[in-house]
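Visitor: predicted model and sequence below, questions to follow.
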Amino acid sequence: MGHRVYLNITTKETSEEIFEANNTIPLFWLTLLNRKIIDDFEIGLNLLEVNKGNKEREPEYSLLKIGREHFLENAETGKKFIENSFPTHLQLYNDFIYYLKLIFKSNQFIEVDVLEIANFSSPSALLHDLRNDVEAIKNNNPKKIIFYSDKFKTPFSLTGYDGFFKNEFKIYSQDYNAEIIKQEQERKSDIERKESRNRKEKISRKIKGILMILFGCILLGTCAIGIINEILSTSMEIGTAIFGFLSIITGIAKVKNRID
């Protein structure tokens, strides 16, 4: 399963998952943050620790909470960063921000749940890495970003996955939609390869089974001839008969795909 992170849109009463990711924080999510958001997140973490075990005062959780004003400001900064450092991803970033603007109402917040990532190290290390990455984006220094690497080259490493594969975002992004189609094709190809391999293995087992049945019949036939002509010792007759029966039984099982 890994360590999941989520980007949600929330009100006081409701919360809806929009994107999710695994074991890292997508680059585009990082562009929505600033020092103030991380400082508030740290206050929440400290409250969790201070009030730990106190059911009356313990907060339920701590999230990176982004209001609409911060979202719009940080998106502009993020756009400049992506345009300078990752120009090939600019259209996808524009699609991502447009989609969030479309569904993000004035009375809502974007909340980014990253606490599971802290399980890799510690909350203090997570805070350090988040501040480092926000500063790297602000200073247009992509090589300093901890949560992003060039080895992650799919749109999903930038936007995350559409929540529970609802696939609504693909309507607004050709790049994201193309990646979904590509992965679906790869998934189907994998299934077809596995099915083809299984078919070949079944045929191979049946052929081996038939050969074992024939071999067992030959052994039993040899045993019968030996008994009639008295050319085999009693122990050899018994051994040959047992081996022949076992070969036939094993062969039948293979033909019926009951054993490998």
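Guide: Looks like it came in fine.
Visitor: ranges for the strands of the stretch 101-250 of the chain?
Guide: Using DSSP state E, counting those that start in this stretch, the strands of the stretch 101-250 of the chain run over 109-113, 161-162.
Visitor: now render the ones you listed as JSON lines, adding mean neighbour count.
Guide: Backbone N, C-alpha and C define where each C-beta goes, glycine included. Below are the strands of the stretch 101-250 of the chain laid out as JSON lines (neighbours: other Cβ atoms under 10 Å):
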{"stretch": "strand 109-113", "mean neighbour count": "21"}
{"stretch": "strand 161-162", "mean neighbour count": "19"}
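Visitor: pick out the shakiest of these, pLDDT-wise.
Guide: Note on the strands of the stretch 101-250 of the chain: strand 161-162 shows the lowest mean pLDDT, a mean of 86.
Visitor: which strands and helices lie in contact with that strand?
Guide: In terms of contacts (3 or more Cβ pairs under 8 Å, 6 or more residues apart in numbering; DSSP states H and E), strand 161-162 is packed against strand 15-22.
Visitor: which other helices and strands contact the next helix or strand after the strand it packs on?
Guide: Note on strand 15-22: by DSSP states H and E, the next helix or strand toward the C-terminus is helix 27-30. Where contact means 3+ Cβ pairs under 8 Å, 6+ apart, helix 27-30 is packed against helix 90-103, helix 123-138, helix 156-159.
Visitor: can you tell me which of those is most buried?
Guide: Highest mean neighbour count of these: helix 156-159, a mean of 22 (counted as mean count of other Cβ atoms under 10 Å).
Visitor: show me what it is packed up against.
Guide: Looks like helix 156-159 contacts strand 15-22, helix 27-30, helix 90-103 (3+ Cβ pairs under 8 Å, 6+ apart).
Visitor: any regions of the stretch 101-250 of the chain where pLDDT drops low?
Guide: 119-121, 149-153, 163-167, 232 (pLDDT under 70).
Visitor: helices along the stretch 151-260 of the chain, start to end?
Guide: 156-159, 174-229, 234-255 (DSSP state H, counting those that start in this stretch).
Visitor: ranking these by burial, who's on top?
Guide: Greatest average neighbour count among the helices of the stretch 151-260 of the chain goes to helix 156-159 (a mean of 22), per mean count of other Cβ under 10 Å.
Visitor: just to revisit the earlier point, any chance of the helices and strands packed on helix 27-30 in a markdown table, plus distance to V112?
Guide: A markdown table is the format used below for the helices and strands packed on helix 27-30 (distance: least, Cβ to Cβ, whole Å):
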| stretch | distance to V112 |
| --- | --- |
| helix 90-103 | 12 |
| helix 123-138 | 10 |
| helix 156-159 | 13 |
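Visitor: which of those sits closest to I25?
Guide: With Cβ to Cβ, the closest approach to I25 among the helices and strands packed on helix 27-30 belongs to helix 123-138: 7.9 Å.
Visitor: quick one: list the elements packing against the closest one.
Guide: Using 3+ Cβ pairs under 8 Å, 6+ apart: helix 123-138 touches helix 27-30, helix 35-50, helix 68-85.
Visitor: now it: how far from the chain's centre is it?
Guide: Chain-centre distance of helix 123-138: 24 Å, with Cα atoms, centre = their mean, to the nearest Å.
Visitor: repeat that for stretch 193-208.
Guide: Average the C-alpha atoms of stretch 193-208, do the same for its chain, and the two points are 29 Å apart (Cα atoms, centre = their mean).
Visitor: likewise for stretch 214-224?
Guide: For stretch 214-224, the distance to the chain centre is 54 Å (Cα atoms, centre = their mean).
Visitor: CA atoms only: put that stretch into CSV for me.
Guide: The C-alpha coordinates for stretch 214-224 follow below in CSV (Å, rounded to 0.1, in the frame of the first residue of the first chain):
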residue,chain,number,x,y,z
LEU,A,214,2.0,-43.2,-21.6
PHE,A,215,5.2,-43.9,-19.6
GLY,A,216,3.2,-45.4,-16.8
CYS,A,217,1.3,-47.6,-19.2
ILE,A,218,4.6,-48.8,-20.7
LEU,A,219,5.9,-49.6,-17.2
LEU,A,220,2.7,-51.5,-16.4
GLY,A,221,2.9,-53.3,-19.7
THR,A,222,6.5,-54.2,-19.1
CYS,A,223,5.6,-55.4,-15.6
ALA,A,224,2.8,-57.6,-17.1
